[in-house]
Each structure stands twice: as C-alpha cells, then as structure tokens.
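In: Test case, fold it:
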Amino acid sequence: MTEPDLVSLVIPVCNEEESLPALVAEIDSATRAVGRRIEIVFVDDGSRDRSWSVIEGFANNDSRIRGIRFRRNFGKAAALAAGFAETRGSVVLTLDADLQDDPREIPRFLEAINGGLDVVSGWKKIRHDPWHKVFPSRVFNALVSRISGVPLHDHNCGFKAYRAQVLDEVRLYGERHRFVPVLADARGFLVGELVIQHRARQFGRSKYGVRRFVKGFFDLISVRFLTAFRGRPQHFLGSVGLVPLTAGLLILLVVFADSLLAAIGLITPMSGFAIVLLSLFALAGILGGVLFIVAGLLAELIVERSHEQMHPYSIAATTRKTDP
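Out: As a prediction, the model looks like this:
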C-alpha cells in the first residue's frame with residue numbers, strides 16, 4: 001500500500017562502494033527539512049566491488065534503508081523496476097549513486113510534484129562530462145523530443161521524480177528507463193523538467209558508451225510505436241503495407257496496359273525481360289503489402305484478447321453521488 005507521507009528513493013548501484021557513504025550522508029542532510037518520512041532502496045546491479053557489503057551495513061543500522069542484490073548485471077531499467085516494486089512512497093525519486101546528482105535538489109523535485117506535475121525530469125543544463133559524452137547525448141535528446149513530442153532537454157538524466165500512480169501504469173524493460181516521461185505523457189500524466197546542478201565524477205568511471213545510444217535509438221522506435229499505435233496497430237502496419245501494395249498494383253497495371261496497347265498495334269511492346277522484371281516487382285510489392293496488412297490484423301486480434309490487461313486509458317479520478 002502507498003503511504004501518503006512517505007518519499008521513496010530508488011538508487012541503482014554498480015561498483016560504487018566509494019561514493020555510497022557520502023551519498024547516504026548527503027541524502028540524510030538534504031531530506032531533514034522536507035517534513036516527510038523517507039525510504040532508500042539501493043539496487044546492486046551486479047557490482048564486483050564491496051558495494052553490497054556497504055549497503056548491508058547501512059540497512060542493518062538504519063530502518064529507512066533497504067537493499068536488493070542482483071545475481072549479475074541486468075541493466076539500469078531492470079534495477080529501477082526492481083526498486084519500484086519495493087517502494088511504498090506516494091512520490092518516488094531516482095538518482096544515480098556516483099554523486100554526480102546532488103541530493104540537495106530533492107526538496108525542489110518535491111515542490112514541483114506538489115505544484116501539480118506527475119513526472120519531473122532533471123535537466124543537467126551545465127554538464128561536467130567530456131565532450132564525447134555531452135555532444136551525442138544532446139543530439140539524442142533532441143531526436144527523442146522531436147519524435148516523441150515530449151520537449152525535454154535531458155531525457156537521459158537519471159534524476160527524476162514520479163507520483164506512484166505513474167509507475168503503476170508504466171512498465172520498464174530493455175533501455176526504456178529514459179523514456180518513462182514519454183510513456184507517462186502518452187498516458188495523460190503531466191510531465192515537466194527542472195534545471196539541476198550536475199557535479200563532476202569523484203570516483204570510478206562512467207558505465208555508458210556508444211552502445212547506449214544505439215540501444216536507445218531502437219527503444220525510441222518501439223516507444224514511439226507503443227505510444228502512437230499501441231491500441232490500433234493496424235493503422236500503422238496497414239498504412240505501411242498500402243505503400244508496396246499500391247506500387248505493385250500500379251506496376252501490374254502498366255504491364256497489362258502495355259500488353260493491351262501492343263496487341264492492338266498502338267505501341268511497341270516492352271521486351272520479354274522487362275515484362276518479367278516488372279512482374280516480379282509487382283508480385284513482391286503485392287505480397288509484401290498483403291503480409292503487412294495480415295500482420296496488422298493479427299496484432300489487432302492480440303490487442304483485443306489482451307484488452308482487459310492493457311487498458312487503453314488512464315483514470316485521474318472518479319466521482320459519484322453518495323447515498324444520504
């Protein structure tokens with residue numbers, strides 16, 4: 001059950017033993033004046049250092065702190081999903097364990113949530129990272145904003161705040177943790193951003209490389225499909241299928257017209273090779289178009305069967321007249 005006065009912090013950890021003591025101390029200092037109880041859920045995502053021992057030590061001495069340990073590294077989305085499943089707070093914040101996110105920003109995130117937002121995404125306007133991380137990140141963020149229609153400056157930022165209801169309706173897997181605001185916006189939740197302080201890394205090294213952006217691009221395509229066509233896949237697949245189907249029929253019409261006009265002596269007929277080649281293109285287009293349309297019909301059947309588990313709406317509130 002969600003506890004209204006509780007704020008939950010979910011922190012993925014991967015080889016961060018050196019930063020954890022300072023992080024806990026900073027969180028404790030930053031949340032004293034919040035006026036709400038807090039809980040901290042650390043998720044050890046396959047660390048090979050002493051991170052889990054440090055987490056166990058904190059959990060044994062502080063009832064506000066809990067830990068989850070993965071058997072191996074499953075990725076940040078899996079770590080966040082496991083942490084979300086353990087939270088009880090009405091507001092859930094996520095931040096990285098490397099001290100680049102400043103816990104002193106937590107009260108500002110809570111103020112934004114109290115102001116009416118359902119999702120607050122951090123914006124590292126001034127970043128203390130090397131250029132080869134900053135430039136691709138900015139290009140990726142611009143691409144995500146353009147395609148998704150959710151104009152955030154920093155979709156990649158791990159410092160975010162959510163109302164618990166958002167996490168009840170958004171499922172994480174793959175690399176989709178960075179797209180939670182996009183998925184939430186598609187469900188009708190209010191999404192905003194907050195300029196935050198970004199600090200230089202003190203310990204260890206970054207876990208992210210070029211592969212993150214490649215994976216993120218493919219996840220962006222799937223997220224765009226889910227947000228735009230999840231309940232009506234035939235609108236997408238059928239539209240795609242109409243292109244080769246129409247092209248194939250037009251080519252077939254050209255071949256038929258050529259044969260007909262040549263038979264009555266109005267034009268010189270095409271060579272046999274050209275007719276065979278065009279016929280193959282027409283056949284490929286027609287078959288490809290039909291396959292897309294059939295795939296769309298099958299997807300519609302799947303959506304229909306799973307309709308009860310995958311509600312195509314999100315309810316903000318209900319009201320009814322009560323009996324006197």
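In: Where do the helices of the stretch 151-300 of the chain begin and end?
Out: With DSSP state H, counting those that start in this stretch as the criterion, the stretch 151-300 of the chain has helices at 164-169, 180-186, 210-229, 233-263, 272-305.
In: quick one: the longest one to helix 233-263, angle?
Out: Between the direction of helix 272-305 and that of helix 233-263, the angle (axes from the mean of the first three to the mean of the last three Cα atoms, to 10 degrees) works out to 160 degrees.
In: From one end of stretch 221-238 to the other, what's the distance?
Out: 17 Å (Cα to Cα, to the nearest Å).
In: Model confidence score at the residue of the chain positioned farthest from its centre, please.
Out: Using Cα atoms, centre = their mean, the residue of the chain lying farthest from its centre is residue 265. It sits 62.2 Å away. Residue 265 is assigned 75 on the pLDDT scale.
In: Pop the domain breakdown of this structure in here.
Out: As given by automatic domain parsing, the domain ranges for the chain are 3-229, 233-305.
In: and those, which is most packed in?
Out: domain 3-229 (a mean of 18; mean count of other Cβ atoms under 10 Å). Where you see a C-beta, it was placed from the backbone N, CA and C, and this is true even at glycine.
In: Give me the mean pLDDT for that one.
Out: On average, domain 3-229 scores 87.
In: mind checking how far it is from the chain centre?
Out: Centroid separation for domain 3-229 versus its chain: 12 Å, with Cα atoms, centre = their mean, to the nearest Å.
In: Which residue ranges of the stretch 1-150 of the chain form helices?
Out: 20-31, 51-61, 76-86, 106-114, 131-148.
In: Contacts only, for residue 167.
Out: Residue 167 sits next to 84, 87, 92 when contact means Cβ atoms under 8 Å, 6 or more residues apart in numbering.
In: got CSV for those residues, with distance to residue 16 too?
Out: Shown next, in CSV, are the contacts of residue 167 (distance: Cβ to Cβ, whole Å):
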residue, distance to residue 16
84, 20
87, 20
92, 20
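In: Include distance to residue 54 when you put the helices of the stretch 151-300 of the chain into TSV, please.
Out: As requested, the helices of the stretch 151-300 of the chain are exported to TSV (distance: least, Cβ to Cβ, whole Å):
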stretch	distance to residue 54
helix 164-169	26
helix 180-186	28
helix 210-229	26
helix 233-263	47
helix 272-305	45
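In: For beta bridges, what are the partners of residue 160?
Out: Per DSSP bridges, the residues bridged to residue 160 are residue 94, residue 121.
In: Identify the residues contacting the residue nearest to residue 293 when sequence neighbours are not counted.
Out: Once flanking residues are discounted, residue 293 sits nearest to residue 241: 4.4 Å by Cβ to Cβ, 6 or more residues apart in numbering. Residues in contact with residue 241 (Cβ under 8 Å, 6+ apart) are 288, 289, 290, 291, 292, 293, 295, 296.
In: so the second one makes contact with residue 250?
Out: It stands for residue 289. No. Applying Cβ atoms under 8 Å as the test, residue 289 and residue 250 come out as separate, 11.6 Å apart.
In: Spatially central residue for this protein, please.
Out: Centroid-nearest residue in the chain: residue 179, 2.4 Å away (criterion: Cα atoms, centre = their mean).
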